[in-house]
Structures are given as structure tokens and as C-alpha cells.
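S.K.: What follows is a predicted protein model with its sequence.
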Amino acid sequence: MPTLAKQPAHKTVDLSADYGAEAKNVDIIAIPFPKNTIATVFGQMTAEWEQCFNSYILDLNYIVVGTQAVWDAKSNGTRFQVTATQPTGVAPPDPTVFNFGPFNEDRYVGIYCAHIDPTSSKLVWSSTKEQHYTFQIGSKNAIAFTMVNAEDGGDEDYHDTVVGVAVSFLTK
């Protein structure tokens with residue numbers, strides 16, 4: 001049985017069941033989501049081109065097993081909003097923030113970023129980087145925060161989509 005990683009990592013996953021053959025090998029950021037924690041996801045668009053990202057709940061084998069959310073932002077400087085969920089009907093009260101969990105098993109939050117190519121109007125996967133920070137109170141875990149930065153190819157600054165994933169620990 002695989003064990004939960006300590007740090008986020010780039011993983012190649014097969015999302016073709018949801019997105020067709022072009023999503024057979026997609027690069028995502030897999031963020032550790034330990035059992036009995038809550039994950040909060042949000043994002044900001046800082047680009048000229050239309051951006052989007054998806055968030056997934058993955059098992060320890062990086063298979064999508066839980067709620068999926070599609071996030072869209074249309075103009076520079078706007079917050080991402082959840083525009084679709086799977087299963088349907090689980091939309092958050094505030095469409096700019098989505099909370100997942102707690103679960104009884106270890107999971108990952110998968111983040112997958114894309115943008116609309118202005119020359120072809122096609123959805124194109126964005127290159128991503130991440131930064132991870134863990135905060136403790138005394139010697140106990142309090143919160144782990146991962147920032148995912150995406151680049152759409154316009155200027156190579158990795159500042160076109162910024163996604164935050166905060167994992168809050170519920171026990172000492």
C-alpha cells in the first residue's frame with residue numbers, strides 16, 4: 001500500500017476519462033492531504049489570457065476518487081470561481097473558496113492548470129511550479145500551505161495563475 005508523501009510533487013496522471021485523449025498524460029501538482037484534515041482551495045488570475053484550473057481529490061495511487069471542481073477566471077486581476085463540480089450539487093456557498101474533507105483516509109489534492117490560447121481559442125495545459133510551507137504551534141502541525149504558480153507561455157514569469165491550498169490539521 002502506498003504511503004502519503006510529505007511534500008507536494010509533480011505527477012503525471014490520466015484524466016482522459018473526463019477530458020478526452022489529449023488529457024491522457026497530464027502534469028498535476030499532488031498536494032498531501034492527510035486524513036482528518038480540511039483542505040481549502042482558492043486562486044487568483046494575474047494574466048492577460050483567460051485562465052482556469054481544476055482541483056481533484058486523489059487516492060494514494062493518484063486516481064481521482066472524490067469531488068472535482070472546475071475554476072475559471074476571465075480577466076486580469078480577478079479571483080477564480082468554481083463554475084462546475086463533479087458530482088454536481090456540491091458547489092460551495094462562496095464560489096471563490098472550496099473546502100474539502102475531512103476524510104478518514106489519506107488523500108491528495110490535485111491541482112491542474114490551463115489557459116485559453118488567444119491565437120487558437122484552444123485549452124492548453126500550463127506549466128506549473130509550487131512552494132510548500134508547514135506551520136506548527138509548538139511541536140504540533142497546525143497548517144500546511146502550498147502555492148501553485150502557473151505559466152501560460154506569454155512571459156515565463158510563472159505568475160499567470162496563482163492557486164493556494166491550505167491543509168488545516170484538526171487534531172494535535
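M.R.: In hand now; what should we look at?
S.K.: Poorly predicted segments of this structure, please.
M.R.: Low-confidence segments of the chain (pLDDT under 70): 1, 18-19.
S.K.: so where do the strands sit in it?
M.R.: 9-13, 26-33, 37-45, 51-58, 68-73, 81-86, 98-100, 107-116, 123-125, 127-137, 140-151, 161-169 (DSSP state E).
S.K.: Let's have these in CSV, adding distance to residue 2 and mean neighbour count.
M.R.: To be clear about C-beta, it is placed using only N, CA and C from the backbone, and glycine gets the same treatment. Below are the strands of the chain laid out as CSV (distance: least, CB to CB, whole Å; neighbours: other CB atoms under 10 Å):
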stretch, distance to residue 2, mean neighbour count
strand 9-13, 12, 14
strand 26-33, 11, 23
strand 37-45, 18, 22
strand 51-58, 11, 24
strand 68-73, 21, 21
strand 81-86, 24, 16
strand 98-100, 20, 21
strand 107-116, 10, 25
strand 123-125, 25, 14
strand 127-137, 19, 13
strand 140-151, 19, 19
strand 161-169, 18, 21
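S.K.: closest one to residue 92 among those strands?
M.R.: Among the strands of the chain, strand 98-100 comes nearest to residue 92, with 4.9 Å by CB to CB.
S.K.: which outside residues touch that closest one?
M.R.: For strand 98-100, the surrounding residues in contact (CB atoms under 8 Å, 6 or more residues apart in numbering) are 33, 38-42, 55, 57, 66-67, 69, 82, 92, 109.
S.K.: Ok, stretch 13-28 next?
M.R.: 10-12, 56, 58, 62-64, 68, 86, 110-112, 125, 127-128.
S.K.: Which one, of the strands of the chain, ends up nearest to residue 3?
M.R.: strand 26-33 (10.2 Å).
S.K.: Neighbouring strands - and their directions - for that closest one?
M.R.: Applying DSSP bridges, strand 26-33 is found paired with strand 9-13 (antiparallel), strand 107-116 (antiparallel).
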